[in-house]
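K.L.:
Return a 3D structure for these sequence lines:
(chains A and B, ligands or ions: 2)
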Amino acid sequence: MLRIEKVYKTFNPGTINEKKALNGIDLVLKEGDFVTVIGGNGAGKSTILNMIAGVYPVDSGKIVIDSADVTKLPEHKRAKYLGRVFQDPMTGTAADMNIEENLAIAARRGKNRFLGWGITGKEKQVYQKRLEALDLGLEARMTAKVGLLSGGQRQALTLLMASLEKPKVLLLDEHTAALDPRTAKKVLDLTEEIVEKNHLTTMMITHNMKDAIRLGNRLIMMHEGRIIYDVAGEEKKSLKVSDLLSKFGEASGGEFSNDRMMLS
Amino acid sequence: MEALINALPGSAAQGLIWGILAIGVYITFKVLDYADLTVDGSLATGGAVAVMCIINGANPYVAIAAAFAAGMLAGFVTGLFHTVFGIPPILSGILTQLGLYSVNMRILGKANQAVSVDQYALTVSLRYIKEACITTGICCIIIILILYWFFGTELGASIRATGCNQNMARAQGINTNVQKVLGLVLSNGLVGISGALYAQYQGSADVNMGRGAIVIGLASVIIGEVAFGKIFHNFALRMFAAVLGAIIYFIVIAVVLQLGLSTNDLKLFSALIVALFLALPHLKGSYFAKAGSRGGKKDA
Ligand SMILES: Nc1ncnc2c1ncn2[C@@H]1O[C@H](COP(=O)(O)OP(=O)(O)OP(=O)(O)O)[C@@H](O)[C@H]1O
Ligand SMILES: [Mg+2]
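P.N.:
Numbers count the residues shown, from 1 in each chain, chains lettered A, B, ... in the order given. Ligands and ions are numbered 1, 2, ... in the order given. Just a heads-up that it's a prediction; the model follows:
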């Protein structure tokens, strides 16, 4: 479903700010794979998701989604394959537009937009049902501006927008990190539910190692722009947080103790 | 007082004409979140094109259509400067505006070209203020209705999403560059129409007629928002508020002129009014330290 081949990325090459963010990433996701991605700050987790989404071009390498080579496609053209939820709840929605308008825009992802109605009455009924399923009371506020919603509500809405048109790959970049623990749990439960129900191929970055072990069928750990650990199936299920920490310790030469990885 | 009352219909007519420009500024400034300074040039371009068309025997409505097209072209150039060449929004507009001065000079052949209502069948003229008010009023309403429809379409929604949050728009498959160019084209087309009407109204097109137009446009949008923002929520009404803002602006100008301010001082006065209204939300914010979490405007 997703194939990443030898992807390299250096930011600000040739300057004092040069930063090798990705150092040859190879990764293949099968249809229905749910991969959790962990790693310290600056490991390149967000960068690899951004490469898949086309936010920046790759320096070299190849990205194939659903047998289409998207390496050269701009971000908006790759969007038809992808559902995305970001760390900042502000990023995924248009604050000055209302809930149903946001959904209608998401429903047209990958389609041509001309002079047809931006939203139809029939769509509104569909959205109403989908919002009811979120169980956040948003179905009663369909014409409220999204800017008025809480961070958790916005993330739930973004999640719904990302899955409204079934994406080939769902990309989640620490999408619960900005939320309080209770809301984070709710959004995470919702994520699980949506991924399961739609059988979505998913990559989820998280700093919570318990979540990383509990969710999904596969886990990868990144360090300095490389994938240093990749487990799946039963082996992954039986992982413990301490296993991950020692794995990380090996890679980083033991200086992990004050890293954010420890937080969970 | 009587002089002021006599001046009111003229203010209303001017306000309605500039109201069309205000709608254009509303589209870039508010909907697209793009500070477009092309306006000063494209207003004069609209006026110049319309006047030359009329002088060369074109029907005034055809002349207005030509001004619309010329304005759109100006917006298109600014859009290319920004999206293809990566020039920042304000500078893109300034470059087009500057270049248009020469273009307008070429179109007119001289700095000022008269078009007399005695010689040509003009759509509006300050000789017939009541008729001018009715014609431009209808014009504004038609434009607002068309735009109201347009911004409800898939394409219009894409422009709004782009103005609101580019990251979201791109993640949803919208080509934000195309939307920006479209918005600029539409906006400056309207400014062109406004210029065409204004030139006819005052009986001449002048290369300098657009100087400071952006400030008047912004003033109109902001006055409209401050005066009617609380009661007008519908999108069509918001555009209408910009038109009302323009009318209020010209009435205020008429008042200060009556109070003895000279026409030369008007630009300073306008600049101060706009600065004041632009500063208001900021000052309010810092006095009451209300952390407004609007969001989604990053990178926009
Ligand atoms: N747009 C950019 N310009 C320059 N450098 C960048 C850019 N994006 C990322 N980097 C750098 O690339 C490296 C990898 O960053 P990335 O955001 O992928 O890390 P991450 O694994 O997501 O970390 P975190 O857990 O902190 O989110 C970092 O050193 C970062 O500073
Ligand atoms: Mg990150």
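K.L.:
okay, CA-based contacts and neighbour counts for the rest of this
P.N.:
OK.
K.L.:
Please enumerate the helices of the stretch 51-200 of chain B.
P.N.:
With DSSP state H, counting those that start in this stretch as the criterion, the stretch 51-200 of chain B has helices at B:60-83, B:89-108, B:129-150, B:154-164, B:166-171, B:176-202.
K.L.:
how about the fourth one against chain A, any contact?
P.N.:
Spelled out, it's helix B:154-164. Yes: Helix B:154-164 is in contact with chain A by Cα under 8 Å from any Cα of the partner chain, via B:Glu154, B:Leu155, B:Gly156, B:Ala157, B:Ser158, B:Ala161, B:Cys164.
K.L.:
count of residues packed around B:Asp265?
P.N.:
11 (other Cα atoms under 10 Å in any protein chain shown).
K.L.:
Helices of chain A, residue ranges please.
P.N.:
Assignment of helices within chain A using DSSP state H yields the ranges A:45-53, A:75-78, A:99-107, A:121-134, A:151-164, A:181-198, A:209-214, A:233-237, A:241-252.
K.L.:
Please could you give me each C-alpha atom of the third one, formatted as PDB?
P.N.:
Translated: helix A:99-107. Only the C-alpha atoms of helix A:99-107 are listed here, as PDB (Å, rounded to 0.1, in the frame of the first residue of the first chain):
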ATOM      1  CA  ILE A  99     -18.200  22.300  10.700                       C
ATOM      2  CA  GLU A 100     -20.300  21.100   7.800                       C
ATOM      3  CA  GLU A 101     -18.200  23.300   5.300                       C
ATOM      4  CA  ASN A 102     -15.000  21.700   6.600                       C
ATOM      5  CA  LEU A 103     -16.500  18.300   6.100                       C
ATOM      6  CA  ALA A 104     -17.700  19.100   2.600                       C
ATOM      7  CA  ILE A 105     -14.200  20.300   1.700                       C
ATOM      8  CA  ALA A 106     -12.800  17.000   3.000                       C
ATOM      9  CA  ALA A 107     -15.400  15.000   1.200                       C
END
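K.L.:
ok and that helix relative to helix A:151-164, angle-wise?
P.N.:
40 degrees (axes from the mean of the first three to the mean of the last three Cα atoms, to 10 degrees).
K.L.:
And helix A:99-107, what does it pack against?
P.N.:
Contacts defined by 3 or more Cα pairs under 8 Å, 6 or more residues apart in numbering or on different chains; DSSP states H and E place helix A:99-107 against helix A:121-134, helix A:151-164, helix B:154-164.
K.L.:
could I get those as JSON lines with mean pLDDT and mean neighbour count?
P.N.:
Shown next, in JSON lines, are the helices and strands packed on helix A:99-107 (pLDDT from 0 to 100; neighbours: other Cα atoms under 10 Å in any protein chain shown):
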{"stretch": "helix A:121-134", "mean pLDDT": "94", "mean neighbour count": "14"}
{"stretch": "helix A:151-164", "mean pLDDT": "95", "mean neighbour count": "24"}
{"stretch": "helix B:154-164", "mean pLDDT": "97", "mean neighbour count": "26"}
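K.L.:
can you tell me which of those comes nearest to B:Leu37?
P.N.:
The closest of the helices and strands packed on helix A:99-107 to B:Leu37 is helix B:154-164. By Cα to Cα, the value is 16.7 Å.
K.L.:
Now do the contacts for B:Leu280.
P.N.:
Not one residue lies near B:Leu280 by Cα atoms under 8 Å, 6 or more residues apart in numbering or on different chains.
K.L.:
in the sheet, who's paired with B:Thr153?
P.N.:
Beta-bridge partners recorded for B:Thr153 (DSSP bridges): A:Trp117.
K.L.:
Tell me if I'm right that it and A:Arg108 touch.
P.N.:
No: the pair B:Thr153 / A:Arg108 is not scored as a contact, 11.9 Å apart, by Cα atoms under 8 Å.
K.L.:
if we can go back for a sec, now, among the residues of helix B:154-164 next to chain A, which is nearest to ligand 1?
P.N.:
The nearest member of the residues of helix B:154-164 next to chain A to ligand 1, counting by Cα to the nearest ligand atom, is B:Cys164 at 21.4 Å.
K.L.:
Counting neighbours, what do you get for the nearest residue to the closest one once chain neighbours are set aside?
P.N.:
Leaving out its chain neighbours, the residue that sits closest to B:Cys164 by Cα to Cα, 6 or more residues apart in numbering or on different chains is A:Ala94, at 5.6 Å. By other Cα under 10 Å, 30 other residues sit near A:Ala94.
K.L.:
Likewise for A:Gly137?
P.N.:
By other Cα under 10 Å, 12 other residues sit near A:Gly137.
K.L.:
what's the answer for the one 5 residues further on, then?
P.N.:
Other residues within reach of A:Met142 by the criterion other Cα under 10 Å amount to 19.
K.L.:
Now do the contacts for it.
P.N.:
A:Asn98, A:Ile99, A:Glu100, A:Gln128.
K.L.:
wait, A:Val85 sits on A:Ala177?
P.N.:
No: using Cα under 8 Å, A:Val85 is not in contact with A:Ala177, being 11.5 Å away.
K.L.:
Please identify which of the two sits among more neighbours.
P.N.:
Taking neighbours as other Cα under 10 Å, A:Val85 and A:Ala177 compare with A:Val85 leading, 27 against 17.
K.L.:
and the closest residue to that one other than its chain neighbours, bridged to which residues?
P.N.:
Sequence neighbours aside, A:Leu172 is the residue nearest to A:Val85 in space, at 5.0 Å (criterion: Cα to Cα, 6+ apart). Beta-bridge partners for A:Leu172, by DSSP bridges, are A:Val85, A:Met204.
K.L.:
list the contacts for A:Leu172?
P.N.:
A:Leu172 sits next to A:Arg84, A:Val85, A:Phe86, A:Gln87, A:Thr202, A:Met203, A:Met204, A:Ile205 when contact means Cα under 8 Å, 6+ apart.
K.L.:
Find the residue closest to B:Met168 in space, skipping its chain neighbours.
P.N.:
Leaving aside its sequence neighbours, B:Met168 sits nearest to A:Gly92 (Cα to Cα, 6+ apart; 5.0 Å).
K.L.:
show me what contacts that neighbour?
P.N.:
Going by Cα under 8 Å, 6+ apart, A:Gly92 touches A:Arg84, A:Val85, A:Phe86, A:Arg154, A:Gln155, A:Thr158, B:Asn167, B:Met168, B:Ala171.
K.L.:
now stretch A:65-73, how far from the chain's geometric center?
P.N.:
Here the centre of stretch A:65-73 is set off from its chain's centre by 18 Å, with Cα atoms, centre = their mean, to the nearest Å.
K.L.:
Quick check: buried residues in that stretch?
P.N.:
A:Ile65, A:Val70, A:Thr71 (16 or more other Cα atoms under 10 Å in any protein chain shown).
K.L.:
Now do the nearest residue to the first one once chain neighbours are set aside: how many residues are near it, please.
P.N.:
Using Cα to Cα, 6+ apart and skipping residues adjacent in sequence, the residue nearest A:Ile65 is A:Leu2, 4.6 Å away. Here the neighbour count serves as a burial measure; for A:Leu2 (other Cα under 10 Å) it reads 22.
K.L.:
for B:Ile90, same thing?
P.N.:
For B:Ile90, using other Cα under 10 Å, the count is 15.
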